[in-house]
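Undergrad: Sequence first, predicted model second:
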Amino acid sequence: MREHDQHMLNVVDDTRIVGVIALVLLTLFTFCGMVVASRLKSFLLVVVVAGILAVIIGSIIPPTLEQQAEGFVGYSNALFRENFAPAFQEDKFGKQSFLTAFAVFFPSISGILAGTSMTGDLRDPSGAIPKGTIVATLIASTVYLILGWVSGSVSLRHASGHVNDLLIGNLTDCHSDPYDAHTACHHGLINDMEIMGLIAHWRWIIVAATFAATVSTSLGCIHFAPKVFQALCRDHIFPYIHFFGKGYGHHDEPYRAYFLSMLIAIAFLMSPDINFISNVVCNCFLMTYAMVNYATFDASFSRSPGWRPTFKYYNMWLSLVTCIACLAFMFCVDYQSAIIVFVLAGVLWLYVFYKKPEVNWGTSGQANVYRTALKDALQLLKIQDHVKNYRPQILVLTGLPCVRPALVYMAGSITRATGLMICGHVMVGEPIMERAVLEQEVYRWFRRKKIQAFYEYISSSSTLEGTRALIQTSGLGKLKPNILMMGYHLNWTNWNAASMDEYVKVIHDTFDAHRGLIILCATEGFDLTEAVNFQEIVTQNEAEVLGLHSVDETEPEQEKDDAMEVNQVDDPVILARIALAQRLEPGKKKKLDGEIHVWWLFDDGGLTLLIPHLMTRQSPWNGCKLKIFCVIEMAGTAESTKTNILAMLTKFRIQAADVIPVDLEQHPSHASVTSFNQMINQYRYDTVAPGRANDPHKPSVIQESDLIDYGDKMMKQIRLRELLLEHSVHSSLNVVTMPLPRRNRSPTLYMAVLETMTSGMPPTLLVRGNQENVLTYYC
């Protein structure tokens, strides 16, 4: 049209109109499918090869005077040496350079990676794609070099186009002032965009080859880009695009993605500066190649056994260098378009990083997570323990975590963002084959509840043996539990002697293993087995995997999901346990008010102080204040004791609202002692019925020697209950130093002591360290 001085509107709008029409027609043609497109591209390849041969053959044919006047003068060694050196010009688009030429040239060879978009249509992708890519690169590079050398060997850079100038020797004088319209050169390698048509002698062949190459490249992009986008839509990584993942016909053609790609291409055609669009396209390809090279490098660097490249000459460091070179070229070509591409790629990466879609590709990132974790775990073994780096690492005996959520939430409020938490589950007599199913559902439940914990399943012949196995084997290297946490059993009075003995033996085994111990006591209890809707939990877990839950789920919606996980029950005991779990569950906007009362009665290394301090740093306990109760020093007064404890807390950098010294040496009231005796009378040896002492179905009896051994300590625990009733019955949480059971003594008496400390109280943590210091004055 321009050659014949024909216009529909103007040059820019004519380009847009022709481009839109061509895009629509090519998009409609792709609807015919891959087979038809491949046949057409084979025909177009023949036309392109004919054009290349025409240039090579035409360069040998001697030029006419008219052709010489236009710059085609035939082969010349001197001309080849002159044209071999670069000579970039300045035009209306600005100063040209190697990089601006590279930006225009680069997209024309981007088709060498088209095979990567055909992996689903190839019989042997791993073999065909490397071979096809290398062959395409060699052929394309060879063709471009040959055409460049041929053109540079037979054509002048500047020519006036007038035969008279050729005859008098002034053919290139027009270059002296290239910006004067009357004297500027309009022919030659630099000025004539159709110089190859002149060299070939048959211009129509070059025009046909140019159209064929353009149509072939466009067909490839229009056909393969939607294929890649279709696969991306089906992975459900980004929202609202799965509509375009639907395929049609035998070859699963992505017609919807074809249409979307056409609209995007039309939008880019509307730009008045096609060269800038070329820069954007060039940088998009460079970013793609950079990411592909980095992905191969990262896969090799992760040393994953599954990464086994078959290309003989592959080198991971070459991939890294190529990645860096691509990123550098992006800014060298055009920093503005490079910034745009970087921002777009960054936004997509940040979305995937924070969304964490449930798509398992077996990526190098996953391999690196394992490699880094293993490396850090081994490195941790070389680090000596220090009190400043102490972290509570809790093994909490939850059973199936979703049936005792209150216990899980309480342990999580101690370890969240601080230490390790492992939920231990002992299954008595159950087959080990259930492990995989349980782990899958438990970890999904953890993710949905935002609980940072591990799950350990043990199949054992007895609860005691299973718990011992957990204590001894849980964890890895330095990532081993240093605290055992379990729930307090409200129905201990209905236990048989063996069960009660097992419970107390677990406490002994914990301290034998040099572990601390925490027992959570709550008058409501914890077990929700009878109320939990396991099918609903599995359904909610599946919904989370499919991404049907919002990342920023509001609190009311979260409470609604929690309510759906339990069946409708009328039992007030179960309802109270559900309410306890909901109260202890952490949440962004959940904050409990009130006070945490810490009864620090013995020096156990400071664990009784550290645990509540850590809890006040996390939801839901970050709205509570600490109140410390301590025993009056033997050689001091209440005031001096308070002063000393406040000074010590200041050095420990633990904030407490108040410190209250208490006197445990004072004898308890007659009513309190009577109440305790009434509780244990039914288990005393001298009061039980004949034959009851050896009944295995009843709690073990309390011998007179047990009462003598506990003696003064038992009176202190009764006195402690009086103080708890006086000061802490309305607190949000009590943290009390736990008394230790005596070996070879009645576990029934010990359970009665724990009952005295916790009955009728708010939730209580009975804490006892293993005499290892966990607090220090030093930062």
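TA: Nice, I can see it. Numbers count the residues shown, from 1 in each chain.

Undergrad: drop to CA atoms for contacts and neighbour counts, all remaining ones
TA: OK.

Undergrad: Could you tell me the average pLDDT over stretch 36-54, please?
TA: Mean per-residue pLDDT for stretch 36-54: 86.

Undergrad: Now do that stretch: everything it contacts.
TA: Residues outside stretch 36-54 that contact it (C-alpha atoms under 8 Å, 6 or more residues apart in numbering) are 29-30, 143, 147, 200-202, 205-206, 208-210, 212-213, 216, 219.

Undergrad: Scan those and report the most crowded one.
TA: Top of these by neighbour number is Ile206, holding 26 neighbours under the definition other C-alpha atoms under 10 Å.

Undergrad: Next, the contact list for that residue, please.
TA: 51, 54, 196-197, 200 are the contacts of Ile206 under C-alpha under 8 Å, 6+ apart.

Undergrad: Make a markdown table from these and add secondary structure and distance to Ala345 to it.
TA: Shown next, in a markdown table, are the contacts of Ile206 (DSSP: H, G, I helix; E, B strand; the rest coil; distance: C-alpha to C-alpha, whole Å):
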| residue | secondary structure | distance to Ala345 |
| --- | --- | --- |
| Gly51 | helix | 39 |
| Ala54 | helix | 43 |
| Met196 | helix | 39 |
| Gly197 | helix | 41 |
| Ala200 | helix | 44 |
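
Undergrad: how about TSV for the residues you listed, with distance to Leu601 added?
TA: Output for those, formatted as TSV (distance: C-alpha to C-alpha, whole Å):
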residue	distance to Leu601
Gly51	95
Ala54	99
Met196	96
Gly197	99
Ala200	101
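
Undergrad: hang on, the earlier thing: would you point out the most distant pair within the contacts of stretch 36-54?
TA: Thr30 and His201 (34.4 Å; C-alpha to C-alpha).

Undergrad: Kindly supply the ChimeraX command isolating those of the contacts of Ile206 that are buried.
TA: Burial among the contacts of Ile206 is assessed by 16 or more other C-alpha atoms under 10 Å; the matching ChimeraX selection reads:
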select :51,54,196,197,200
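
Undergrad: Restricted to helices, list the contacts of stretch 36-54.
TA: 29-30, 143, 147, 200, 205-206, 208-210, 212-213, 216, 219 (DSSP state H).

Undergrad: So for the helix or strand containing Gln366, what gets flagged as buried?
TA: Per DSSP states H and E, Gln366 falls inside helix 364-381. If you call a residue buried by 16+ other C-alpha under 10 Å, then helix 364-381 has these buried ones: 364, 367-368, 371.

Undergrad: Out of those, flag the one nearest to Gln336.
TA: For the buried residues of helix 364-381, with Gln336 as the reference and C-alpha to C-alpha as the criterion, the closest is Ser364, at 30.9 Å.

Undergrad: So the closest one versus Gly306, what's the distance?
TA: According to C-alpha to C-alpha, to the nearest Å, Ser364 and Gly306 sit 10 Å apart.

Undergrad: swap in Gly188?
TA: Taking C-alpha to C-alpha, one finds Gly188 at 56 Å from Gly306.

Undergrad: Mind checking which of those two has more residues around it?
TA: Comparing Gly188 with Gly306 by other C-alpha under 10 Å, the one with more neighbours is Gly188, at 23 against 11.

Undergrad: Let me see the contact set for that one.
TA: Gly188 touches 70-72, 155-159, 195, counting by C-alpha under 8 Å, 6+ apart.

Undergrad: could I get these as TSV with secondary structure and distance to Ile660?
TA: Formatted as TSV, these follow (three-state DSSP; distance: C-alpha to C-alpha, whole Å):
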residue	secondary structure	distance to Ile660
Glu70	coil	104
Gly71	coil	103
Phe72	strand	104
Ser155	strand	100
Leu156	coil	100
Arg157	coil	97
His158	coil	99
Ala159	strand	102
Ile195	helix	98
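
Undergrad: low-confidence ranges in the stretch 601-750 of the chain?
TA: Low-confidence segments of the stretch 601-750 of the chain (pLDDT under 70): 635, 686-699.
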